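[1] with the input below, show me the fold.
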Amino acid sequence: MTFLAMDTSGDHAVLALADEGAGGALRAARVFHGRRSLSRRLLGEVDGLLVGEGMTLADVSALAVGLGPGSFTGVRVGVTTAKTLAQVTGKPLVGVPTLNAYAEAWGQDVPTLVVILPSRRGEAYAAVYRAAEPLPEPFAESVEAMERRLKAMVEAGEQVACCGAIDLLAERPGLSRSQPHVPPEGLARAAAGRLNNGLTDDPLALVPLYVVPPAISTPKNAFPAPQLLGAGEPVP
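    The predicted structure follows:
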């Protein structure tokens, strides 16, 4: 059975068709730059990927979506699209933390893997994956703090590898891999792992993994303070 996975958390959106029964073996993938046109292009790109494989959405066994962290708008578009498709079609849906997709693509070659993605200016999202440990919670911190963290890990004797947006770092471990977008094969493997274990999500309850709240607030004095009227004063 072939499932459809998407991740729209970065500058490049990633779509993948993969086989559930083969541990997420990639059948086809599509990567496109959609930062400013994502909501307009996403469904057309999905359709193009399916048509290229002689399929329609009815032929898909399940849906998977990257939950972030990443671009707040990008993550919302992808998660909302996947939830809508799941509700309309009745297909099972799984959410996958985006950082896990990077880790799955690397494999089990190193004891410690640090995945790094851009956050706000001067900050980075990250997660530290260690063999035989549960999947970690992602976090956000300054690039300088991330570099200090990596240095301390190396000095403590850990064999550390980095992947993702490693160009953010002025200093990094020698074993590193720059990945400009979510690896389709990693997204597929991470999604297949959840699907094969029956860890599907309720489309109505699934929410993005922002890690830090969006930088949106109500402007000061956006609404005038209510004024008390004096006795006999006419109502404006």
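[2] for Leu50, what is the enclosing helix or strand?
    Leu50 belongs to helix 38-52 when assigned by DSSP states H and E.
[3] does anything pack onto that helix? Which helices or strands?
    Counting contacts by 3 or more Cβ pairs under 8 Å, 6 or more residues apart in numbering; DSSP states H and E, helix 38-52 is packed against strand 2-7, strand 12-19, strand 25-33, helix 72-89. Just so you know, the C-beta spots here come from the backbone N, C-alpha and C atoms, and that holds for glycine as well.
[4] check which residues of it are buried.
    Judged by neighbour count using 16 or more other Cβ atoms under 10 Å, the buried positions of helix 38-52 are Leu38, Ser39, Leu42, Glu45, Val46, Leu49, Leu50.
[5] out of those residues, who's nearest Leu63?
    Nearest to Leu63 among these: Val46, at 10.1 Å, using Cβ to Cβ.
[6] as a markdown table, the buried residues of helix 38-52 with distance to Glu133 would be great.
    Rendered in a markdown table, the data for these read as follows (distance: Cβ to Cβ, whole Å):
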| residue | distance to Glu133 |
| --- | --- |
| Leu38 | 34 |
| Ser39 | 37 |
| Leu42 | 34 |
| Glu45 | 36 |
| Val46 | 35 |
| Leu49 | 35 |
| Leu50 | 37 |
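[7] so what touches the helix holding Leu50?
    Helix 38-52 is contacted from outside by 4, 6, 8, 13, 15, 17, 28-30, 32, 34, 56-57, 59-60, 73-74, 77-78, 81, using Cβ atoms under 8 Å, 6 or more residues apart in numbering.
[8] what average pLDDT does that helix get?
    The predicted model gives helix 38-52 an average pLDDT of 96.
[9] touching the helix or strand just after that helix from outside, list them.
    On the C-terminal side of helix 38-52, the nearest following helix or strand under DSSP H and E is strand 63-66. In this structure, residues lying in contact with strand 63-66 by Cβ under 8 Å, 6+ apart are 3-9, 14, 75, 78-79, 81-83, 85-86, 89, 91-98, 101, 182, 187, 191, 194-195, 206.
[10] quickly list what the residue nearest to Asp109 when sequence neighbours are not counted is bridged to.
    Across the structure, with Cβ to Cβ, 6 or more residues apart in numbering as the measure, the residue nearest Asp109 apart from its sequence neighbours is Ala161 (7.5 Å). Under the criterion DSSP bridges, Ala161 forms beta bridges with Leu113, Leu175.
[11] got a list of what Ala161 touches?
    Trp106, Asp109, Val110, Thr112, Leu113, Val114, Pro173, Leu175, Ser176, Arg177.
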